[in-house]
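*Asks:* Please find the sequence and the predicted model below.
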Amino acid sequence: MNGCRGMITLNHVTKSYQEAGATRLVLNDISAEFGCGEFVVLLGKSGSGKSTLLNLIGGLDTPTAGEVLIDGQSLTRMSDHERTLFRRRHFGFVFQAFNLIPTLTVEENVMLPVELANGHRPTSAIARRAHELLASVGLESRARSFPDRLSGGEQQRVAIARALANDPLVVLADEPTGNLDADTGKRVLDLLDQLTRRAGKNLVMVTHSEEVIGVADRVLRLRDASLSTT
Ligand SMILES: Nc1ncnc2c1ncn2[C@@H]1O[C@H](COP(=O)(O)OP(=O)(O)O)[C@@H](O)[C@H]1O
Ligand SMILES: [Mg+2]
């Protein structure tokens, strides 16, 4: 594993749903290994199972069969409680709809993952780090604002700062530019790429848009419930 952290291993991962008496196979026996300090794009059409796969990688969901491992540690074999703790400590999430907590200020949103992972109220060190992160996304002056005062692009920049707050092994982004206009989306994408690279993190981003292929280190395609590297 040549020293990198946050390596993702999919070991015969299958996910199916029962619907109206029928089985719907979304991911069919997928095996792959990726994410050694790289920017990985998971490309696939709407409904191809991208969010399903990302949620499995991030421990938000568990496979029907097979196993997901991070640095050789099986998320699948953990209890729900262990997986929750692991997720809080080691993953950062960026979602299409930003998912900021509306009743918390911008800085409180950025500090929240650290509070959850550590189980205590923010210390001055945590607050300092939140401000550094907000500065890195150009929003230090908005620290005391509530999310609904910010534009979509600004909200997503806050979400990026939040995703990096607990110094995660892996940042997982699900269509992070999906709710933004093209120019804003490009800026958000560049920022996500820059900041995760600078921090030496793996970034796994899900999208249906071929436009991002150029910036990725690796592109994986999801089609017909299978993952291919071409
Ligand atoms: N909880 C669920 N129950 C039943 N079907 C689901 C569930 N979640 C996702 N699906 C189905 O799995 C397929 C893949 O969904 P999803 O992973 O959201 O695709 P994508 O993110 O690529 O658009 C879709 O057909 C969707 O309807
Ligand atoms: Mg999706």
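*Replies:* Perfect, I can see it now. Ligands and ions are numbered 1, 2, ... in the order given.
*Asks:* how many neighbours does residue 53 have?
*Replies:* For residue 53, the neighbour count with other CB atoms under 10 Å is 27. The C-beta positions use only the backbone N, C-alpha and C, and glycine is treated the same way.
*Asks:* now do residue 60
*Replies:* Burial of residue 60 is recorded as 16 neighbouring residues (other CB under 10 Å).
*Asks:* check contacts around the closest residue to it other than its chain neighbours.
*Replies:* Computed as CB to CB, 6 or more residues apart in numbering, the closest residue to residue 60 that is not its neighbour in sequence is residue 87, at 7.1 Å. Neighbour list for residue 87: 58-60 [criterion: CB atoms under 8 Å, 6 or more residues apart in numbering].
*Asks:* What of residue 86?
*Replies:* 59, 70, 73, 75, 78.
*Asks:* Might you report the residue contacts of the spatially most central residue of the chain?
*Replies:* Closest residue to the average C-alpha location of the chain: residue 172 at 1.4 Å, with CA atoms, centre = their mean. With contacts taken as CB under 8 Å, 6+ apart, residue 172 has the following neighbours: 54, 57-58, 91-94, 204-205.
*Asks:* mind checking the SS state of it?
*Replies:* strand (DSSP: H, G, I helix; E, B strand; the rest coil).
*Asks:* if I look at it, how far off is ligand 2?
*Replies:* When CB to the ion, to the nearest Å is the yardstick, residue 172 and ligand 2 sit 12 Å from each other.
*Asks:* what do you get for residue 132?
*Replies:* In this view, residue 132 and ligand 2 are 31 Å apart by CB to the ion.
*Asks:* just residue 27 next, same as before
*Replies:* Residue 27 sits 13 Å away from ligand 2, going by CB to the ion.
*Asks:* For this protein, what lies in contact range of ligand 1?
*Replies:* Within the chain, the positions near ligand 1 by CB under 6 Å from any ligand atom are 17, 19, 24, 26, 44, 46-52.
*Asks:* which stretch of helix or strand covers residue 46?
*Replies:* For residue 46, there is no host helix or strand (DSSP states H and E).
*Asks:* The nearest residue to it once chain neighbours are set aside and residue 129: what is the separation?
*Replies:* Once flanking residues are discounted, residue 46 sits nearest to residue 208: 5.7 Å by CB to CB, 6+ apart. Separation of residue 208 from residue 129 (CB to CB, to the nearest Å): 34 Å.
*Asks:* do residue 38 as well
*Replies:* With the distance defined as CB to CB, residue 38 ends up 25 Å from residue 129.
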